[in-house]
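K.L.:
Quick check, what structure comes out for this input:
(one chain, ligands or ions: 1)
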Amino acid sequence: MAELKEITETLLNLDEQRMLQLINEALKDGISAEAILNDGLIAGMDIVGDKMENGDMFIPEVLMAAQTMSKGVEVIKPLLTDDASSSKGTVVIGTVKGDLHDIGKNLVAMMMESAGLTVHNVGVDINPEKFIELIKETNANILCLSALLTTTMPMMKQTIDALSESGIRDQVKVMVGGAPVTQAFANEIGADAFAPDAGSAAKSAKALVH
Ligand code: B1M
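P.N.:
Next up is the predicted model:
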């Protein structure tokens, strides 16, 4: 769709004002918030990733693109709601130690909140001990771990192992996700669930507590 392509382009050009204008126009034209997120904004971040890999874009610009994307997400956030009926569980969600990526994790947190779960979004670079402390503090029954780097994926296993060592593995369901994470990897490390995107993560979290 032309409008979504234009949203992607304005994100890549870091033209926040025009991007927000286009998002509002797209919404007025009946394009769904989900389509704007997936086919406009996330599509743009995928291109940013390719450019970063090829050396055509550098960290400061990538960060600016991430900030521009967040402004777009703010506009569509209220429209990305799922059925927000009774609370369906308590979630601790964070990015594992050594990993600073948080855009996808924040989207997952947002979708879970709008699906009626109580969400404690605890940030990035979280070590296993801190996750355990936070689970105890909040009485969470779901732990959501995000990783965007192949080098930080093993930290997911270390976190799950630490839960077992501290005797609380049975109290929480563990969901893992992030671009390099797969269902096979989730099985291998003993996670209870894997979700490829924010929408399915929220659905899967609800299913886990039922
Ligand atoms: Co980074 N980075 N980055 N980066 N970065 C990637 C991930 C990379 C793929 C880019 C590339 O080379 N093509 C690459 C990783 C390669 C690899 O390991 N295979 C990479 C690299 C190498 C790095 C650095 C090492 C670069 C360097 O310093 N040389 C460095 C590492 C820093 C660190 O973490 N220690 C680094 C730094 C950064 C920035 C700080 C500049 C910035 C992050 C800003 C921020 O997050 N606040 C950044 C960004 C923005 C990216 C890309 C371009 C975009 C990531 C993103 O936000 N995508 C990324 C390339 C890409 O992914 N195309 C890249 C949009 C987001 C909505 O998608 O996060 O995948 P995503 O989330 C999805 C799903 O994965 C899923 O749902 C989300 C929404 O649908 N999901 C879950 C996520 N978590 C989930 C949890 C769940 C379930 C689903 O359950 C618990």
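K.L.:
any idea which element the residue nearest to residue 9 when sequence neighbours are not counted lies in?
P.N.:
Distance criterion CB to CB, 6 or more residues apart in numbering; nearest residue to residue 9, sequence neighbours excluded, is residue 44 at 7.9 Å. Where you see a C-beta, it was placed from the backbone N, CA and C, and this is true even at glycine. Per DSSP states H and E, residue 44 falls inside helix 43-54.
K.L.:
Tell me which other helices or strands that helix touches.
P.N.:
Packing contacts for helix 43-54, counted by 3 or more CB pairs under 8 Å, 6 or more residues apart in numbering; DSSP states H and E, involve helix 2-12, helix 59-76.
K.L.:
Put the alpha carbons of it into CSV.
P.N.:
What follows is helix 43-54, C-alpha atoms only, in CSV (Å, rounded to 0.1, in the frame of the first residue of the first chain):
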residue,chain,number,x,y,z
ALA,A,43,9.3,-2.7,7.8
GLY,A,44,11.4,0.5,8.1
MET,A,45,13.4,-0.9,11.0
ASP,A,46,14.2,-4.0,9.0
ILE,A,47,15.7,-1.8,6.3
VAL,A,48,17.6,0.1,9.0
GLY,A,49,19.0,-3.3,10.1
ASP,A,50,20.2,-4.1,6.6
LYS,A,51,21.8,-0.7,6.2
MET,A,52,23.5,-1.1,9.6
GLU,A,53,24.8,-4.5,8.5
ASN,A,54,26.1,-3.2,5.2
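K.L.:
That helix near the ligand anywhere?
P.N.:
Yes: counting by CB under 6 Å from any ligand atom, the ligand is contacted by helix 43-54 at 45-46, 48-49, 52-53.
K.L.:
This protein against the ligand: which residues are in contact?
P.N.:
42, 45-46, 48-49, 52-53, 59, 62-63, 66, 98-105, 107-108, 144-146, 148-151, 175-180, 195, 197-198, 201.
K.L.:
residue contacts, residue 155?
P.N.:
Residue 155 sits next to 96-99, 128, 147 when contact means CB atoms under 8 Å, 6 or more residues apart in numbering.
K.L.:
related to what we said a few turns ago, of the residues of helix 43-54 next to the ligand - the most surrounded one?
P.N.:
For the residues of helix 43-54 next to the ligand, the largest number of neighbours (other CB atoms under 10 Å) sits with residue 48, at 22 neighbours.
K.L.:
ok, that one - contacts?
P.N.:
Residue 48 neighbours (CB under 8 Å, 6+ apart): 11-12, 57, 62, 65-66.
K.L.:
Likewise for residue 123?
P.N.:
Residue 123 touches 94-95, 102, counting by CB under 8 Å, 6+ apart.
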